[in-house]
Structures are given as structure tokens and as C-alpha cells.
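Colleague: I'd like to go over a predicted model; first the sequence, then the structure.
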Amino acid sequence: MGKRHHDSTEQRPKKKSKSEKPAKAPKDNENGDEKTTKKTSYSEAPALSKLPQSEIETYMTEKIIKITDPLAGAPKFRPLLSFDYLPECDTALYSQLKAFPAPTPIQSTTWPLLFAGRDVIGIAETGSGKTLGFGLPCLKKLIDSKSSKKPYHPRAVIISPTRELAMQIYDQLVKYAGSEKTTVTCIYGGVGKDEQRHALQKAAIVVATPGRLKDLQNDGSVNLGKVNYLVLDEADRMLDKGFEQDIKDIIQPMPVSRRQTVMFTATWPRSIQNLAATFMNSPVTVTIGGDPSADPRANTRIKQVVEVVDPRDKEGRLIQLLSQSQKGQSPEKVLVFCLYKKEAMRVENLIRNKGFKVAGIHGDLNQSDRFRNLDAFKKGTATVLVATDVAARGLDIPAVMLVINVTFPLTVEDYVHRIGRTGRAGAEGHAITMFTETDKGLSGGLINVLKAAKQDVPEDLLKFGTTVKKKQHDSYGAFYKDIGTDKAATKITFDD
Ligand SMILES: Nc1ncnc2c1ncn2[C@@H]1O[C@H](COP(=O)(O)OP(=O)(O)OP(=O)(O)O)[C@@H](O)[C@H]1O
């Protein structure tokens, strides 16, 4: 890290003229027409244009920002180093931003591109504010193009892999949406459909998990033909085998030429990059913190410890770790990851029997229990949460001090997301991972993640080998398996 990542496409021209003009949307790939349906423009704030170029370059270098734009002649925009440089908007959209000192690098760099109507792939570490990265331009686009026609057909769709993450994104949008909040809705499986059907009648922005959205689309409850802003959050997960077809079906009525497509994630494996390109129109790729396709990048503020253990010693070691973190008047919040649902239930019971305040979240619980248990952990009534990978991505739970991986996930990308539940928004974090001989196929990938984040690599781990297998698992990003650890896995289940 620390290396400067600049390529020729990100050099801002010395003249200010380009950025002062409203940006035209790029030509449509398919027929050469202007994408008039996007009707988006962006003018750089004069005060931002006046900043010396050296200040911009220092920022780009320090934050390790790389911008790759396949359209050579497209306007280049300066990052919004301060909220003061945001373009004017017709409401109190920006008022809540006062809580933060400045835009995070992924926000400062992708916002101008998104305001200008470009398709964007945004890759930045866990906990770096990606939700507002795609959320603020989404709200601005809605506010700017406000039509008086009712009822609405949705103008924006944000797709998330899990119900809890969909709710979290929805909550964030509502917080910023002000008077528009009634037009934001959240659609996910595991609960009744009628209320969702009703909400869809006036929804302008739909945050959804794919299965339920597809269901409601198929039965005619929602028409997505007017959607012009599509977000795949956790994009690499959304493009993996479990979701790819659902996504294709959902976006079928919104052609790539008429929609702005946005993909955000912390991990961007090479294996899905070609597929992603087929969903997008000349996307600009913004990466913060180094090349993510080489090896997944963990947040560098997380102290990662890997302990190579005998599988029989795992539970004893877990209880030892919890005993240390849960003592005293204010026990730390600890997130414990298991791979299997049955394993999670067993571990939760074990922890409860030892007298710790524990809750669980996995796919065998009904949705209200899932929400209730997550809430208990957020509020601190439970200070230990035992989870499967359903909680690995995106969840922004305040003050998680420690992540313990009892069983290693199926991929190193999932490892990066799991440990990313700590150390968020600039905080420090700590992750302890139990690694056994069974996981040795992933040792090479894990070693690279540790090295890239300048973490210690234990000798015992090196013994398992440093080779990185190209294809790590058939179901990249799987959430959980619904059988016990004693049998070979047979079924992977996804959220709907
Ligand atoms: N500009 C900002 N400055 C400081 N904190 C911010 C800023 N923008 C967002 N945050 C806060 O940072 C936290 C993490 O943001 P968010 O959940 O969007 O991260 P993320 O990058 O999507 O993470 P993940 O990869 O795990 O999904 C949130 O609590 C959010 O409120």
C-alpha cells in the first residue's frame, strides 16, 4: 500500500473549461444516440475548480484513488473534497451530512460521475460510506426530475443480497430523503406481500432483495419499465451464480441504454468482471486503496489474527476469547461467524449456557426473529451475535469491537466482508480467525489478504501453502449451508 495509483485517464486537464460545462451523457453504445432519457447534468462548483491542481493530486495520491474511464473524451471531474462543493439541490437533502467532517474518498470521487449520469463501478473498503455513495445521487436524481404524475412507476431500484441489508439501505435513504421519504420503499421476502404491493403503488425508489422483487414483478404488482437508476449493492455477490438469473430477469424491462447502472462493493474478483460489463454502459471504475482484482483488500484498520487450531479445540478457544471480552461492566460487542446454520445454533446455545448475553441470526429463523435479534445486538441487550454469512456483508452495526470466525467462510472475499463488520467509518477493529486443516485450500488467498494489509502471517498458516486457487468455490459468496458440519454440503440457500 502507499503506492501511488494514477493512470493516464485520471489526469485532470489543466484547463478548467471542461469541468465547468454541464456534462453531456456519453453516447449510447448500442445505437449511437444520446442517452436523452437520462437527462442528467453536473457542473463543478466554481470554488472547487479554483483549487490548485496540486491539492487534488495530493488527495488522489494519499487516498490511493484510481479512476479508469473507457471513454477517452469524457469530462473528468475533481473529487468533492468538501460537502460545500456539492451541486445545488432543491431540498434539505444535504442537511444530515453535517454529522460528517467530509465526504469519504469513494463518495467524493463517485458523486460527480453519478451526478453526471455515468455508469460507475465503485470499489472501496468495508465501512467506507458506499451506501451514501450511491444513495445521495439516487435521491438527488429523483428530486431533480420530480414529476407531478401519480401514481409513480419506480424510477430507481437498489438491489441488495439480504433482507437486513435492504432494510439498512432503506433506513439510510429515508433519513436523507426528507419530504420524499414516503416514496422510498423496501421489498424483501419472508413477510407478507400485500403491504409491499400497496407501498409499490407510490414508490419512486425501491430497495429490494431479488427474489421478492422478481415475484412482485411477475405477478404484475410493479412495473420497472421507467427505472433509470439501478444499483447493485454488494455487486460481486449479486452477480454470482445464486443471483445472476434473478438480476437478469428483474432488469429485463429497463434497457441498459435508458438506465444508469451503478455497482458498489468492497471486493471485485476478476471472475465476475466480464459479466458486470454486460450490464453496464462504458462504466467508469473507481477504486480506493489499490487494485481489488489481484487479491481482496481488507480494511487496514482491522487487526487480523489467524490462529491455526485443531477443530476439536475451537469451542474451548471461543469461550476463552468471549470470557476475556465479556468481563466487566460494559462488555464489548462481539460478532461470531459460523458457516452452517446448525453450527450457528449449536454455538449460540453453547455461549448462552456459559451465561453470556447472546443472540443469533441465520436463515432458519423467521424474519421477525432475524430483525429482533439483530436489533438486540445493535442496542447492546445482546453483546454477542452468532451469525452465518447472512450477516457477512454490508451490515453497519455500531461499535462491533471484535469479529471471531469460528469456521472459515467459503471464500476469502467473504472473509474480508465478515471482518469488515468491525473497524467501520474510520474506527479500529479486531478480528480473530480460527483456521483448520480443512480450510487449507484457502490458505494462499488468506495469506495474501494478510500481507496486503500488513498483518502478521503465522508460520502454521504458511505451512498450508501459499498457492491461490483461481476458482475458490462454485457458489462464490454463498451465505450458508443448511446441513450440519458432519456431512458434505449439498445445498446452498439464498435470501429472497
Ligand atoms: N462522509 C462520511 N464520513 C464519516 N462517516 C460516514 C460518511 N458517510 C457515511 N458514513 C458512515 O460510515 C458508516 C459505514 O458506511 P456504509 O455502511 O455505507 O459502509 P460501506 O462502505 O457500504 O460498507 P460495506 O462494504 O461493509 O457494505 C455508516 O455508519 C455511515 O453512516
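Modeller: Everything's here; your move. Bear in mind the structure is a predicted one, so any value in this text is a computation, not a measurement.
Colleague: what's the local residue count around the closest residue in space to residue 310 that isn't next to it in sequence?
Modeller: Leaving aside its chain neighbours, residue 310 sits nearest to residue 436 (7.1 Å; criterion: CB to CB, 6 or more residues apart in numbering). Backbone N, C-alpha and C define where each C-beta goes, glycine included. Counted by other CB atoms under 10 Å, the residues lying close to residue 436 total 17.
Colleague: thought residue 436 was touching residue 313?
Modeller: No. Using CB atoms under 8 Å, residue 436 is not in contact with residue 313, being 9.3 Å away.
Colleague: what average pLDDT does stretch 318-327 get?
Modeller: For stretch 318-327, mean pLDDT rounds to 96.
Colleague: likewise stretch 396-407?
Modeller: Mean predicted confidence for stretch 396-407 is 97.
Colleague: that one spans what distance, first to last residue?
Modeller: With CA to CA, to the nearest Å applied, stretch 396-407 spans 22 Å between its terminal residues.
Colleague: buried set for it?
Modeller: 396, 397, 400, 401, 402, 403, 404, 405, 406, 407 (16 or more other CB atoms under 10 Å).
Colleague: got the CA coordinates for stretch 106-115 in CSV?
Modeller: The C-alpha coordinates for stretch 106-115 follow below in CSV (Å, rounded to 0.1, in the frame of the first residue of the first chain):
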residue,chain,number,x,y,z
ILE,A,106,-15.5,6.8,-2.5
GLN,A,107,-18.2,9.4,-2.1
SER,A,108,-16.0,12.4,-3.2
THR,A,109,-14.9,10.6,-6.3
THR,A,110,-18.1,8.8,-7.5
TRP,A,111,-20.6,11.6,-6.7
PRO,A,112,-19.6,13.9,-9.6
LEU,A,113,-19.7,10.9,-12.0
LEU,A,114,-23.0,9.8,-10.8
PHE,A,115,-24.5,13.3,-10.8
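Colleague: name the surrounding residues that touch it.
Modeller: Residues outside stretch 106-115 that contact it (CB atoms under 8 Å, 6 or more residues apart in numbering): 40, 42, 44, 59, 65, 67, 77-81, 86-87, 102-103, 120, 122, 124, 128-130, 132-134, 136-137, 140, 260, 262, 264, 284, 286, 288.
Colleague: switch the cut-off to 7 Å
Modeller: With CB atoms under 7 Å, 6 or more residues apart in numbering as the test, stretch 106-115 has contacts from 40, 42, 65, 67, 77, 79-81, 87, 103, 120, 122, 124, 128-130, 132-133, 136-137, 140, 262, 284, 286, 288.
Colleague: can you check stretch 347-356 too?
Modeller: When contacts are defined by CB under 7 Å, 6+ apart, stretch 347-356 is touched by residues 315, 319, 322, 326, 336, 338, 358, 360, 384, 386, 406.
Colleague: just these: which are in strands?
Modeller: By the criterion of DSSP state E, membership of the contacts of stretch 347-356 in strands covers 336, 358, 360, 384, 386.
Colleague: hang on, the earlier thing: pLDDT value on the residue nearest to residue 310, please?
Modeller: 97.
Colleague: just residue 465 next, same as before
Modeller: Per the predicted model, pLDDT is 84 at residue 465.
Colleague: pretty sure it sits against residue 445.
Modeller: No. The pair residue 465 and residue 445 fails to qualify as a contact (CB atoms under 7 Å) at a distance of 10.7 Å.
Colleague: give me the more crowded residue out of the two.
Modeller: Legend: neighbour count by other CB under 10 Å for residue 465 and residue 445, higher for residue 445 (21 against 13).
Colleague: pretty sure that one is in a helix, no?
Modeller: Yes. Per DSSP: H, G, I helix; E, B strand; the rest coil, residue 445 lies within a helix segment.
Colleague: you'd agree it is up against residue 468?
Modeller: Yes. With contact defined as CB under 7 Å, residue 445 reaches residue 468; the gap is 5.0 Å.
Colleague: near the ligand, which residues of the protein show up?
Modeller: 100, 103-104, 107, 126-132, 266, 394, 396, 420, 424-425 (CB under 6 Å from any ligand atom).
Colleague: buried subset of those residues, written for PyMOL?
Modeller: To isolate the buried ones among the residues of the chain next to the ligand in PyMOL, judged by 16+ other CB under 10 Å, type:
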select buried, resi 103+104+107+126+127+128+129+130+131+132+266+394+396+420+424
